[in-house]
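Colleague: Here you go, sequence then predicted model.
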Amino acid sequence: MTFRRIEDEPALRRVTAFDGARTSTVPTTRLEEVRRRARAFGDELRGGPKVLYMKTCELVRVPYPTRYGFTACFAQSLTTTPVMHIVNRLVVLQVKTPDGPKIILSSPSDILANAETRFFKRLGGGRLQGLAGHWNDKHGMGRVKAMAQKLVAPITNTVDGWLKELGIAPEEVDYITYDHLHTQDVRNWLGSSGTDARRALFPNAKLLIMRREWEAAQGLVPPQRDWYCPNGVAGLPEERVVLLDSSVMVGEGLALVESPGHTMGNHSLVVHTDRGVIVSSENGVSADSYAPTASRIDAVRKYAQATGAEVILNGNTQESGLEQYISMVMEKELAGANPRDAAFTNVMPSSEFAHHWAFPGLRPTFEWDPVEHGALQRRVGGGARSAAA
């Protein structure tokens, strides 16, 4: 078998709006060309159909170093909270396509499998997972484990737990996608072969991933390797992987737009909803990252004022800081102003900085509330139930 292509998927359509936008060797020329095209493409999406359904579903909150979340902002600060908490979310989407309605899961994190990521294992996630006893035990080490989990990395729900709540059967999931593959173990979702063979929880789903991200994951150097889950995509059936060579539309109202920098194969989720065009990725970790001069975090605001920075990078790997900066400007131009507070943009980080009682010295200026738009549509002959059913 071979990898699937856009041409193999009736739901996918190539987006040409950004072709050639980054060819100049002059960074400001690249920036302004991408900005111009992002505004035009955002306006085009706003003038078109919306997705049938979108819901954000909180999965887990995990500690994350502040020096990565707000790259360079605290470099001259004598004191700062070393760790922040970030919220990891699943986004459930349904779109209209020529092939009927399709269900897409964006960032379906396999929480316990992902704890094997080297960085988080050193931070304590792997040791927490390895403690004796089961999470649900009400005595002994199981109780200690559960208490430690709630303190360090509280789990709100799981991917399969959310799907059960929404009435979505595993076989109804058509696609899964990630803006990039940091920390992700995909094998339980799509199945895998080899010595650690897995059976697919989503038997009909395909992975939508930029070719550049997929190929990078096959041969990582140490700075990258620290952030990828070991063997997270090993043994996946090639016929379940759709390699993307450009930005694409997925049905109506949903685009996956190339946004290189954080990783060179990064893409951003761009969704047309009743709350405007919502853009999501992990290029930035907070609304403050996309409107730093409006931030009440002194170090972030002062850094932006001193340097003229429009955006603040999430920099745990920074495969290309300049391209990531341009991509974040692209994201905020695609999204436009947030309808709740026009000082901020309509960019919702896929892993968002959130206030945590253990770190009282650091609080985001703006936090996203849950998003739910539209209703799940019933497929002909059964399929996905209506959200009202």
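Modeller: Everything's here; your move.

Colleague: pLDDT (mean, whole number) over stretch 248-258?
Modeller: In this model, stretch 248-258 carries a mean pLDDT of 98.

Colleague: Just the CA trace of that stretch, in PDB.
Modeller: These are the backbone C-alpha positions of stretch 248-258, laid out as PDB (Å, rounded to 0.1, in the frame of the first residue of the first chain):
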ATOM      1  CA  VAL A 248      -6.200  22.400   2.000                       C
ATOM      2  CA  MET A 249      -9.900  23.000   2.500                       C
ATOM      3  CA  VAL A 250     -11.600  20.100   4.200                       C
ATOM      4  CA  GLY A 251     -15.200  20.300   3.000                       C
ATOM      5  CA  GLU A 252     -16.900  23.700   3.600                       C
ATOM      6  CA  GLY A 253     -15.700  26.200   6.300                       C
ATOM      7  CA  LEU A 254     -12.600  24.400   7.400                       C
ATOM      8  CA  ALA A 255      -9.000  24.900   6.200                       C
ATOM      9  CA  LEU A 256      -5.700  23.500   7.200                       C
ATOM     10  CA  VAL A 257      -3.200  26.200   6.400                       C
ATOM     11  CA  GLU A 258       0.600  25.700   6.300                       C
END
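
Colleague: Please point out which parts of stretch 218-236 sit buried.
Modeller: 224, 226-229, 232-234, 236 (16 or more other Cβ atoms under 10 Å). C-betas here are computed from N, CA, C, even on glycine.

Colleague: Check those residues and tell me the two furthest apart.
Modeller: Greatest spatial distance in those: Asp226 and Leu236, 21.7 Å, computed using Cβ to Cβ.

Colleague: Show me the buried residues of stretch 218-236 that map onto helices.
Modeller: Taking DSSP state H as the definition of helices, the buried residues of stretch 218-236 contribute Gln224.

Colleague: export the buried residues of stretch 218-236 to CSV and tack on distance to Met330 and pLDDT?
Modeller: Converted to CSV, these look like this (distance: Cβ to Cβ, whole Å; pLDDT from 0 to 100):
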residue, distance to Met330, pLDDT
Gln224, 23, 89
Asp226, 27, 90
Trp227, 23, 90
Tyr228, 25, 91
Cys229, 28, 91
Gly232, 27, 92
Val233, 26, 94
Ala234, 32, 93
Leu236, 29, 95
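
Colleague: quick check, nearest of the buried residues of stretch 218-236 to Gly69?
Modeller: Trp227 (13.7 Å).

Colleague: Would you mind measuring from that closest one to Asp245?
Modeller: With the distance defined as Cβ to Cβ, to the nearest Å, Trp227 ends up 24 Å from Asp245.

Colleague: and the closest residue to Arg211 other than its chain neighbours, what is it in contact with?
Modeller: Once flanking residues are discounted, Arg211 sits nearest to Leu243: 4.2 Å by Cβ to Cβ, 6 or more residues apart in numbering. With contact taken as Cβ atoms under 8 Å, 6 or more residues apart in numbering, Leu243 is in contact with 3-5, 209-211, 214.

Colleague: let's see it at 7 Å
Modeller: 3, 5, 209, 211, 214 (Cβ atoms under 7 Å, 6 or more residues apart in numbering).

Colleague: what's the answer for Met348, then?
Modeller: Met348 neighbours (Cβ under 7 Å, 6+ apart): 278, 280, 368.
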